[in-house]
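**Q** Provided below for reference: sequence and predicted model.
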Amino acid sequence: MKERPAAISKAVSGAMRSMPEHSTGPEMAVRRQLFAKGMRYRVQYPVPGAPRRSIDIAFPGKKVAVFIDGCFWHGCSEHRNIPAHNRDWWQSKIDQNRSRDRDTNEILRNAGWLVLRCWEHDLAEQIVAAVIFALSERMNNPNGTSD
């Protein structure tokens, strides 16, 4: 990837720098609901065999990984808005993020994990319902195979 271009202004640079990498509002909403339902999980759990990558919400005992991807950084087809300034660089950056996401999914699946990828715009209640369903499926079928 090319060297990062200069920001269009100091205000834009500051705004981008201040965006949280984890524990975002959508993640926190899901985590609060899971905790209220008595579920215990790990946060920013390392992806096995992939240095510098982590799972947003992990259930290591059941090998369930939950990612809540930001629409901008992960290229949501509904909400992405590639900046006009340095457009090619941003498109390349988002494409690399998406490629890394696919690679992370594959690493986890090969290690026996169930991967749930959600968007920040998904309702927390729907994400929680999907997590509960996935965990119950894993409890009933720990090997992840269908009968």
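**A** Done, it's in. It should be emphasised that the depicted structure is a prediction, and the values quoted were computed from it without experimental measurement.

**Q** which of the residues in whichever helix in the chain runs longest are buried?
**A** As assigned by DSSP state H, the longest helix anywhere in the chain is helix 87-110. Using 16 or more other C-beta atoms under 10 Å as the burial criterion, the residues of helix 87-110 that qualify are 89-90, 93-94, 97, 101, 104-105, 107-108. For the C-beta atoms, the positions are set from N, CA and C on the backbone; glycine is no exception.

**Q** Next secondary structure element downstream of that helix?
**A** As assigned by DSSP states H and E, the chain's next helix or strand after helix 87-110 is strand 114-119.

**Q** Pull up the pairing partners for that next one, direction included.
**A** Sheet partners assigned to strand 114-119 using DSSP bridges are listed as strand 64-69 (parallel).

**Q** Quick one: residues in contact with the partner strand.
**A** With C-beta atoms under 8 Å, 6 or more residues apart in numbering as the contact definition, strand 64-69 has outside contacts at 24, 26-27, 30, 41, 45, 47, 55-59, 76, 101, 108, 113-120, 122, 127, 131, 134-135, 138.

**Q** What are the boundaries of the helices in the chain?
**A** Assigned by DSSP H, the chain shows helices spanning 10-17, 25-36, 71-74, 87-110, 124-140.

**Q** contacting residues for Trp73?
**A** Neighbours of Trp73 in contact, by C-beta under 8 Å, 6+ apart: 94, 97.

**Q** Asn97 too?
**A** With contacts defined as C-beta under 8 Å, 6+ apart, the neighbours of Asn97 are 73-75.

**Q** Mind doing that once more with 10 Å?
**A** Applying C-beta atoms under 10 Å, 6 or more residues apart in numbering, we find Asn97 in contact with 69-70, 72-75.

**Q** which regions of this protein sit below the pLDDT cut-off?
**A** The chain contains residues with pLDDT under 70 at 1-21, 142-147.

**Q** send the alpha carbons of stretch 58-77 over as CSV?
**A** What follows is stretch 58-77, C-alpha atoms only, in CSV (Å, rounded to 0.1, in the frame of the first residue of the first chain):
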residue,chain,number,x,y,z
ALA,A,58,-15.0,-14.0,22.1
PHE,A,59,-16.4,-17.0,23.8
PRO,A,60,-13.3,-19.1,23.8
GLY,A,61,-14.8,-22.2,25.5
LYS,A,62,-17.4,-22.5,22.7
LYS,A,63,-15.1,-21.1,20.0
VAL,A,64,-17.6,-18.4,19.0
ALA,A,65,-16.1,-15.1,17.6
VAL,A,66,-18.2,-12.0,17.2
PHE,A,67,-17.0,-9.1,15.2
ILE,A,68,-18.9,-5.8,15.0
ASP,A,69,-17.5,-4.1,12.0
GLY,A,70,-17.6,-0.3,11.4
CYS,A,71,-19.4,0.6,8.1
PHE,A,72,-16.6,3.1,7.1
TRP,A,73,-13.6,1.0,7.9
HIS,A,74,-14.9,-2.3,6.6
GLY,A,75,-16.7,-1.1,3.5
CYS,A,76,-20.4,-1.7,4.3
SER,A,77,-22.2,-1.7,0.9
